[in-house]
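[1] test case, fold it:
(one chain, ligands or ions: 1)
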Amino acid sequence: MGGCSQKMHLIFLLLLVFLLSPRAEAGEIIGGKECKPHSRPYMAFLEICTSEGHTGHCGGFLIRRDFVLTAAHCAGSSIVVTLGAHNIKEKQDTWQKHEVIKQFPHPKYNGFTVRNDIMLLKLKEKANLTLAVGTLPLPSQSNFVPPGRMCRVVGWGKTGVEEPGSDILQEVKLRLMDPQACRHYPNFHHNLQLCVGNPRKINSPFKGDSGGPLLCAGVAQGIVSYGRGNAKPPAVFTRISHYRPWINKVLKEN
Ligand SMILES: *[C@@H]1O[C@H](CO)[C@@H](O)[C@H](O)[C@H]1NC(C)=O
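    Okay, the predicted model is just below:
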């Protein structure tokens with residue numbers, strides 16, 4: 001897992017700090033469970049090649065047969081998307097590998113403040129919809145999801161102090177917090193982002209790889225963006241509803 005970009009590097013370093021923290025115990029980080037195979041058919045595994053030739057991994061999710069939504073800090077010189085996977089190390093007949101022909105990071109993505117951390121990926125070919133591959137609905141612009149809700153993050157992210165990542169898709173339940181719980185993040189903005197994960201709980205939003213979805217009542221409300229160096233919840237997710245006009249525009253024009 002190298003750096004896809006400077007920002008991804010930074011996020012990876014934060015994770016590293018977290019992973020090496022002497023207070024971190026495996027049980028504090030795990031807290032999730034394996035997904036039932038193919039129960040999350042929209043999940044995309046992203047292999048990213050950076051301009052320096054390193055490789056990185058992110059999550060993402062299929063929103064149209066030819067479009068995947070992910071985080072802007074997952075951009076690279078080239079990206080290959082795998083759909084229909086459960087264990088990412090075990091190739092199955094359900095897998096569909098897709099080349100990304102165009103990356104659309106949000107035009108106002110800022111790698112220093114990590115605001116507008118959202119990106120659309122256009123696939124070279126349309127995905128075939130199967131039992132293992134499907135699309136995930138997005139919220140409308142007016143669907144401003146309030147604090148208090150319980151949601152789930154899904155990804156092939158870290159599962160423990162000694163684990164570089166999980167081969168098997170994982171999910172974990174997390175609570176949407178009041179914006180005050182994220183006031184230690186100087187660039188947190190309630191209208192653009194979600195503050196996710198109860199600080200008194202052990203479940204870590206780092207469970208999901210960057211770019212993966214936050215599901216609230218079956219709708220993708222957030223995208224994993226960044227968290228604290230010691231991985232103590234809450235973490236910050238991009239609020240998808242705010243970006244619906246931009247998403248609609250890119251989908252319409254492409
Ligand atoms: C989709 O299905 C068609 C027809 O069966 C096949 O030719 C194509 O390779 C499939 N695409 C992918 C990405 O698996």
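[2] quick check: residues of the stretch 1-150 of the chain near the ligand?
    96, 125, 128 (Cβ under 6 Å from any ligand atom). Placement of C-beta: from N, CA and C, glycine included.
[3] ok, now which ones touch the residue nearest to the second one when sequence neighbours are not counted?
    Counting by Cβ to Cβ, 6 or more residues apart in numbering, residue 125 lies nearest to residue 98, which is 6.4 Å off, once chain neighbours are set aside. When contacts are counted by Cβ atoms under 8 Å, 6 or more residues apart in numbering, residue 98 touches 80-83, 123-125, 127.
[4] CSV for those, including neighbour count, distance to residue 67 and secondary structure?
    CSV is the format used below for these (neighbours: other Cβ atoms under 10 Å; distance: Cβ to Cβ, whole Å; DSSP: H, G, I helix; E, B strand; the rest coil):
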residue, neighbour count, distance to residue 67, secondary structure
80, 13, 15, strand
81, 22, 10, strand
82, 16, 15, strand
83, 26, 12, strand
123, 22, 7, strand
124, 11, 12, coil
125, 11, 12, coil
127, 22, 9, coil
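[5] could I get those as CSV with pLDDT and distance to residue 70?
    Shown next, in CSV, are these (pLDDT from 0 to 100; distance: Cβ to Cβ, whole Å):
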residue, pLDDT, distance to residue 70
80, 97, 13
81, 98, 9
82, 98, 13
83, 98, 13
123, 98, 12
124, 98, 16
125, 98, 18
127, 98, 15
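[6] show me where pLDDT drops low in the stretch 1-150 of the chain?
    Applying pLDDT under 70 to the stretch 1-150 of the chain flags residues 1-31.
[7] what ranges does it have for its helices?
    6-20, 26-29 (DSSP state H, counting those that start in this stretch).
[8] then the stretch 151-254 of the chain?
    Under DSSP H, counting those that start in this stretch, the stretch 151-254 of the chain gives helices at 244-253.
[9] return the residues in contact with the residue in it that the ligand sits nearest to.
    Closest residue of the stretch 151-254 of the chain to the ligand, Cβ to the nearest ligand atom: residue 254 (18.5 Å). Shown in contact with residue 254 (Cβ under 8 Å, 6+ apart): 67, 102, 104, 122.
[10] bridging residues for the third one?
    It stands for residue 104. residue 120 (DSSP bridges).
[11] verify the contact between it and residue 79 for me.
    No - using Cβ atoms under 8 Å, residue 104 makes no contact with residue 79, being 11.7 Å away.
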